[in-house]
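J.: quick one, structure for this:
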Amino acid sequence: MTQSPTPKTLSVRETPIPGFKVIDLPLHGDNRGWFKENWQRQKMLALGLPDFGPVQNNISFNASLGVTRGIHGEPWDKYISVATGRVFGAWVDLREGDSFGATYWCEIDPSVAVFVPRGVGNAFQALEENTAYTYLVNDHWSAEAQSEYTFLNLADETASIPWPLDLDDGELSQKDLAHPRLENVTPMPPLKTLVIGAKGQLGRALTELWSGRTDVEFIGRDVVDLARPETLEAINWQAYRTIVNAAAYTAVDEAETAVGRAQAWSANAAGPSHLARLASEHNLTLVHISTDYVFDGTIDVHSENEPFTPLGVYGQSKAAGDHAVSTTRRHYILRTSWVIGEGKNFVHTMASLADRGISPSVVDDQFGRLTFASEIARAIDHLLTSGAKFGTYNVTNSGDVVSWSDVAKRVFELTGRESTSVKSVTTADFFAGNDMAAPRPTHSALHLDKLEATGFSAADQFEMLNSYLS
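T.: Numbering: from 1, shown residues only. Below is the predicted model of the structure:
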């Protein structure tokens, strides 16, 4: 009769290598053998393992005692376990950063698994004959990918791995013995964040916020144009972990024309759908910017789960883009309103009119809050670094709900002009005679509860307005 293994409780242990985890797996056995749930996504995520999205399962069969393989730092995450036999596993952190060179080792039998992050050097030695060593990876193996490996010598003195069996007595590849010592290893760089639309208001704010970071790449429309899918296909997506889509067609009135309609749908709907497909194929996190224009504005304050009711072409194209992005698993959709950043915008226009002594007419029956581009950038950084749950989040500045006329009057006051210089008019009067004007939502204010629940505190809109004008 086969002895039943002692059952364990499913649990996860941390190690000195950041992100490297040891998983204790319950084995359920009887006289026929045993059964285990080797990878159970729902349970593993609940215990803190990343949702790493495996796409390939490999098995290394080791016929002889003492077979030793490694140390290979591969450009993907791995989930390792043993189906039969036992191995001595050893790992060395070969990634850029403070933990470079950190080590960990342990024995793996069918009741133990390990999660190995990208760039952590992996090695094992078979402790029994006919050992089956299995692993899930979240990218497909290719010969080209081997150029991205980071290797370490099995006998490296700094790592000082206590192999149970002498390396000279076991079966191993001479290539593994010829790998460099730790002092000569080039650390594996982290996967990068790609910001698309670097020249826009949000792109510029992200450039300022993330200046000096070597793991962020900014590209403009001259490199990637969402209206031209072939420019997306030219990117090596295996080098990235996150896409931030800061590009969009935002000419609200021009979108009502035949030419503008095509451009809006191409950039705001088709482009994001291509990004969503690429994010799904490469297990990337996709950050996408939405707008209050996906609503008709009949509700005073909008929540994240309100059904779409766009009035015009711009809002319709953005709503379609939101739907496309929501189909990829790892996504953040940030819904904003009344965006103000570096470049042409409402506040800049009002300040210019005030400086030139012009008294404008501004609508007083559209209501919302300002959203400074720097605040959106800060929210993106917060969601990515805090590990917040994927989904849609409203992002604006805080403060009272005001009209465009209220904002214009505040701008005039801050630039030394009398607020009475701003004449308040209705939307109907402002656009009278303009047949090409796009319909606007009356109410654009957004609930911020969901974002605040993640630990983010939105800055007051008028405090930021004061700083912006200063």
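J.: contacting residues around the residue nearest to residue 426 when sequence neighbours are not counted?
T.: Using CB to CB, 6 or more residues apart in numbering and skipping residues adjacent in sequence, the residue nearest residue 426 is residue 365, 5.3 Å away. From N, CA and C alone the C-beta is placed, and that goes for glycine too. Residues in contact with residue 365 (CB atoms under 8 Å, 6 or more residues apart in numbering) are 403, 426-427, 442.
J.: selecting buried members of those in PyMOL, what would you type?
T.: Burial among the contacts of residue 365 is assessed by 16 or more other CB atoms under 10 Å; the matching PyMOL selection reads:
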select buried, resi 403+427+442
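J.: return the subset of the contacts of residue 365 lying in strands.
T.: Judged by DSSP state E, the subset of these located in strands is residue 403.
J.: what are the phi and psi values at the residue nearest to residue 426?
T.: Note on residue 365: its backbone torsions stand at phi -120, psi 20 [degrees, to the nearest 10].
J.: and what of residue 111?
T.: phi -90, psi 10.
J.: pLDDT score assigned to it?
T.: Looking at residue 111, its pLDDT is 95.
J.: count the neighbours of residue 357 for me.
T.: Each residue near residue 357 was counted by other CB atoms under 10 Å, and the total is 8.
J.: and it, what's its pLDDT?
T.: The model reports residue 357 with a pLDDT of 94.
J.: tell me where the stretch 201-350 of the chain is predicted with low confidence.
T.: For the stretch 201-350 of the chain, applying pLDDT under 70 flags no range at all.
J.: which residues touch the one residue sitting closest to the centre of the chain?
T.: Per CA atoms, centre = their mean, the C-alpha nearest to the average position across the chain is that of residue 285, at 3.3 Å. With contacts defined as CB under 8 Å, 6+ apart, residue 285 is in contact with 241-243, 279, 330-332, 384, 390.
J.: next, it: phi, psi?
T.: phi -90, psi 130.
J.: and it, how far from residue 53?
T.: When CB to CB, to the nearest Å is applied, the distance between residue 285 and residue 53 equals 11 Å.
J.: now do residue 230
T.: For residue 230, the distance to residue 53 under the criterion CB to CB works out to 26 Å.
J.: the two: who's more crowded?
T.: When residue 230 and residue 53 are compared on other CB under 10 Å, the one with more neighbours turns out to be residue 53, at 17 against 8.
J.: sorry, back to before: could I get the contacts of residue 365 as TSV with pLDDT and distance to residue 290?
T.: Supplementary listing: the contacts of residue 365 in TSV, determined by pLDDT from 0 to 100; distance: CB to CB, whole Å:
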residue	pLDDT	distance to residue 290
403	97	22
426	94	27
427	93	22
442	96	18
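J.: could you dump the contacts of residue 365 into a markdown table and include distance to residue 303?
T.: Written out in a markdown table, the entries for the contacts of residue 365 read as follows (distance: CB to CB, whole Å):
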| residue | distance to residue 303 |
| --- | --- |
| 403 | 21 |
| 426 | 27 |
| 427 | 24 |
| 442 | 17 |
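J.: which of the contacts of residue 365 lies closest to residue 212?
T.: Closest approach between the contacts of residue 365 and residue 212, by CB to CB: residue 403, at 39.4 Å.
J.: nearest spatial neighbour of that closest one, skipping sequence neighbours?
T.: Across the structure, with CB to CB, 6+ apart as the measure, the residue nearest residue 403 apart from its sequence neighbours is residue 364 (4.7 Å).
J.: is it true that the one you found touches residue 407?
T.: No - assessed by CB atoms under 8 Å, residue 364 is found out of contact with residue 407, at 10.4 Å.
J.: quick check: residue 143 vs residue 179, distance?
T.: 18 Å.
J.: residue 443 now?
T.: From residue 443 over to residue 179 (counting by CB to CB), the distance is 63 Å.
J.: same thing with residue 160?
T.: With distances taken as CB to CB, residue 160 is found 16 Å from residue 179.
J.: same check on residue 97?
T.: The spacing between residue 97 and residue 179, counted by CB to CB, is 21 Å.
J.: same check on residue 380?
T.: 39 Å.
J.: look at the residue nearest to residue 426 and report its pLDDT.
T.: On pLDDT, residue 365 comes in at 95.
J.: list the contacts of the helix or strand harbouring residue 132.
T.: With elements taken from DSSP states H and E, the one containing residue 132 is strand 131-137. Contact with strand 131-137 is made by 38-39, 54-62, 67, 74, 76-87, 124, 126, as judged by CB under 8 Å, 6+ apart.
J.: name the residue in residue 380 and residue 179 with the higher neighbour count.
T.: Each of residue 380 and residue 179 had its neighbours counted (other CB under 10 Å), and the higher figure belongs to residue 380 (26 against 21).
J.: tally of neighbours for the spatially closest residue to that one that is not a sequence neighbour?
T.: If you skip the residues right next to it in sequence, residue 380 has residue 287 as its closest partner in space, 5.7 Å away by CB to CB, 6+ apart. Burial measure for residue 287: 26 neighbouring residues, criterion other CB under 10 Å.
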